[in-house]
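S.K.: give the three-dimensional model of this entry:
(chains A and B)
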Amino acid sequence: MRRTNLSAVALAAGTLAVASALTSCSSDVPTGEANPGTSTSAAKTGDAQSKFFEQAEYDKQLALRNKTPQGPADRPWEQMFDPQMVQTDKYKKSGGLHLCFSNAGVFNPWRQVGLKNIRAEVSQHKEITEFTVFDGQGKDDKQISDIQELTGKGCDALIVSPNTTATLTPAVTSACGKLPVIVFDRGVDTDCPVTFINPIGGYAYGATAAEFLVQKVKPGGKILALRISPGVDVLENRWSAAKLAFDKAGLKVADVQFTEGDTAKTKSIVADAIQRSGGVDGVWMDAGATSVAAVEAFEDAGRDVPPITGEDQQDFLKVWKDKKLTAIAPTYPTFQWRTPIIAALRILAGQPVPKEWKLPQPTITEQNLGQYYKPNMPPLHYAMCGCENLPGFPQAWGGK
Amino acid sequence: MTALAVDIRREGLRRALQAGAPVYLLLAALLVAIAVADPGFFEPDRLLAFAKRSAPLVILAAGQYLVIVSGGYDLSVGSLVTVGVVVAAETFNEFPGAPWPAVVALLLAGGALVGLANGLIVAVLRVPSFIATLGMMLILEGAVFYWTQGSPHGSLPEDFRALGRGNAVGSLPWAVVICLAVGTATVLLMRAAFGRTLLATGDNERAAALAGVRVARIRLAVFTLSGLAAAIAAVLVGGFSGISAQAGRGDEFEAITAVVLGGAALGGGAGSVVAAMAGAFSLQALFTLLNLHGVSGALESTVQGLIVIAAVWLGAVNWSRVRRRPATTTPRGEA
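M.R.: Numbers count the residues shown, from 1 in each chain, chains lettered A, B, ... in the order given. As a prediction, this is how the structure comes out:
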């Protein structure tokens, strides 16, 4: 077993002070496969409905799941829900374009795939003559100085994937005054960016996974909920939506445990849970990185794997297919990394873009599993990358 | 006469403390507490599963014990475990179908080499081991991140993973067999002349050197062995839970905690390796107990920190009482 190192604990303690300021703005700010250690938020477990829960946003996200987005169905990264377009004539520019990107970091496989997507998207467009990427390395202070430096580099547009919401807001605000800014993935507390790109969100993710278990697990069955860590807004949102679904359906959440994204710890927790209190009838996970470890724990204990939720990482899809699991994989799609480039090109061409660009958030089910499982891709590749037609695929993504 | 009897009893107590008796009591208490919380825990299969998941930490504790008892620390073992897992995955990625014994051999050689480098820095460059291995930890952590960008490539094939996941015979896991082998080897090593020179070096380096111990060689040997232990742990961790860029995170502090729990004096010169390994089991039992009671993972660090302080403090208190009191009550001084 492993735990967060001491500096992470110190960081968490230090951020408690600003936590209350953050929570009010958290629900529309998905963090995806965020490294929990670098996300600021209150250290609080999500039992009962936490202060992270916002009914209006919850209702909105759940409703969006059943809507059809506008735009080409075969290019979900260009689709949008309920767009409220803004005019961009004033940003119109001709000639070679210099796009700049301040990235929060590439500290997990999700962001690795995303970075490959955005680079490949750039390479498709001849009009982009220069693409400058600064890596924030998961540090707010590094990213703040990155943004400041990029605003003086002659960029035509600045794309920002913020490391944390509140801390990066002033830097983004000041950049907005100098050039068009596009924010995606996590948000900022200002509407000064020309567009903010993000998928439906954490409530929809958590609810989709939970509703699947509600269907597949017999009433009164015991659910084991595995969460990465408390206090990260998007993860809290995923869990609070799931808990609502379980409570409504009368499924018993036997245990909520924090894995810290650690496979060995996940395996130990699941192994203990299997043996205790009459077993486990369903496993809900707030992120897919450790789903395979959970599956293995059942195998190693000689038990059947109960209905389980994961994400679109290839290792989980492989196990799902090979072992014929009863599973579902909601996603936080990495194809959203393509959208900022498309948005930048539209803005610099003077075409309107939505103020908030809400992308679809597809779910992998038994029916479409075959379409997303790709044996030639590496185990930590995210299937929902929308990268199959991009230049360099599959080699650039580690595939064969 | 009564004073003498008390002396003898105290001497016995001191020996018992030195040999780590409290850790066995602690382990027993923890196991009882687990049994209360979860009566099924003592079924053979589950007990073996517990031993299997404890094995990497027990092996790390054995390696760390050798370093601590000879007067040093090895903070690099956790990141060495991570490096081992990542290197194994990348090797299988580069050479699909590589025979697993070759990859295991590569890891063991690499671990020993990193350990040797630690030893050279400590013994030849005379950098204190705490700083030397802290530096090595940072170097390895940075290298892994640079190499993998937080997301290692490749995967570990089933035959390699069997060492950490599968069973040797019946329901006896390989990890338990390997753990027993490492434990036995370490005990034999400590019983041999090498063990006594280790203790002597840790107790008083200068005196040991004057008595003919080649201190530099001892340092090289213990750090190499600790690196080797970390490589073995990496094979087991990688097998148990698969590929991860944070496989060994925090393992160095768990290993040190385990050794301290086992009663080894920080700074060297005293302690028992079996007690150190029992300390590793106790720590794992404690984490299991915390899990059973639903205590959040974040608190585990807090508990671990309290334990280290308490264990060292208790050790110090007992030592001074046992040693000083006879000195004031009997003019002849210590027994």
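
S.K.: can you name the element that comes right after the host helix or strand of B:I232?
M.R.: Here B:I232 sits within helix B:215-241, counting by DSSP states H and E. Scanning forward in sequence from helix B:215-241 by DSSP H and E, the next helix or strand is helix B:251-261.

S.K.: beyond that next one, next helix or strand please.
M.R.: Next element after helix B:251-261 (DSSP H and E): helix B:273-292.

S.K.: what's the mean pLDDT across stretch B:82-102?
M.R.: Taken as a whole, stretch B:82-102 has an average pLDDT of 91.

S.K.: B:V273 contacts B:T186, doesn't it?
M.R.: Yes: counting by Cβ atoms under 8 Å, B:V273 touches B:T186, with 5.1 Å between them. Placement of C-beta: from N, CA and C, glycine included.

S.K.: in the chain, which spans are strands?
M.R.: Since no chain was named, I'll use chain A. For chain A, the strands defined by DSSP state E cover A:85-86, A:97-103, A:128-135, A:157-161, A:181-184, A:195-199, A:222-227, A:252-258, A:282-285, A:308-309, A:327-330, A:353-354, A:356-359, A:363-364.

S.K.: wrong one, I was asking about chain B
M.R.: Using DSSP E, the strands of chain B run over residues B:167-169, B:172-173.

S.K.: packing partners of the longest one?
M.R.: So the one you mean is strand B:167-169. Applying 3 or more Cβ pairs under 8 Å, 6 or more residues apart in numbering or on different chains; DSSP states H and E, one finds that strand B:167-169 contacts helix B:174-191.

S.K.: thinking again about what came up before, name the residues of the helix holding B:I232 that come out as buried.
M.R.: Neighbour-count burial for helix B:215-241 flags B:215, B:218-241 (criterion: 16 or more other Cβ atoms under 10 Å in any protein chain shown).

S.K.: near chain A, which residues of chain B?
M.R.: Neighbours of chain A within chain B, by Cβ under 8 Å from any Cβ of the partner chain: B:38, B:40-41, B:46, B:49, B:53, B:93, B:149-155, B:165, B:237, B:240-244, B:246-251, B:254, B:284, B:287-288, B:291-292, B:294, B:296-298, B:300-301, B:304.

S.K.: near chain B, which residues of the stretch 151-300 of chain A?
M.R.: A:229-230, A:255-269, A:271-272, A:275-276, A:292-293, A:296, A:300.

S.K.: which ones among those are found in helices?
M.R.: Judged by DSSP state H, these include A:263-269, A:271-272, A:275, A:292-293, A:296, A:300 as members of helices.

S.K.: can you pull out the low-pLDDT segments for the stretch 201-335 of chain B?
M.R.: For the stretch 201-335 of chain B, the stretches with pLDDT under 70 are B:294, B:296-298, B:315-335.

S.K.: which residue does it have closest to chain A?
M.R.: B:S241 (3.8 Å; Cβ to the nearest Cβ).

S.K.: how near is that residue to A:A327?
M.R.: Distance, B:S241 to A:A327, using Cβ to Cβ, to the nearest Å: 20 Å.

S.K.: over to B:N204?
M.R.: 61 Å.

S.K.: same check, this time on B:V312
M.R.: In terms of Cβ to Cβ, B:V312 sits 48 Å off from A:A327.

S.K.: the more surrounded of those two?
M.R.: A:A327 (27 against 15; other Cβ atoms under 10 Å in any protein chain shown).

S.K.: check contacts around the more buried one.
M.R.: A:A327 makes contact with A:P307, A:I308, A:T309, A:G310, A:F316, A:W320, A:E366, according to Cβ atoms under 8 Å, 6 or more residues apart in numbering or on different chains.
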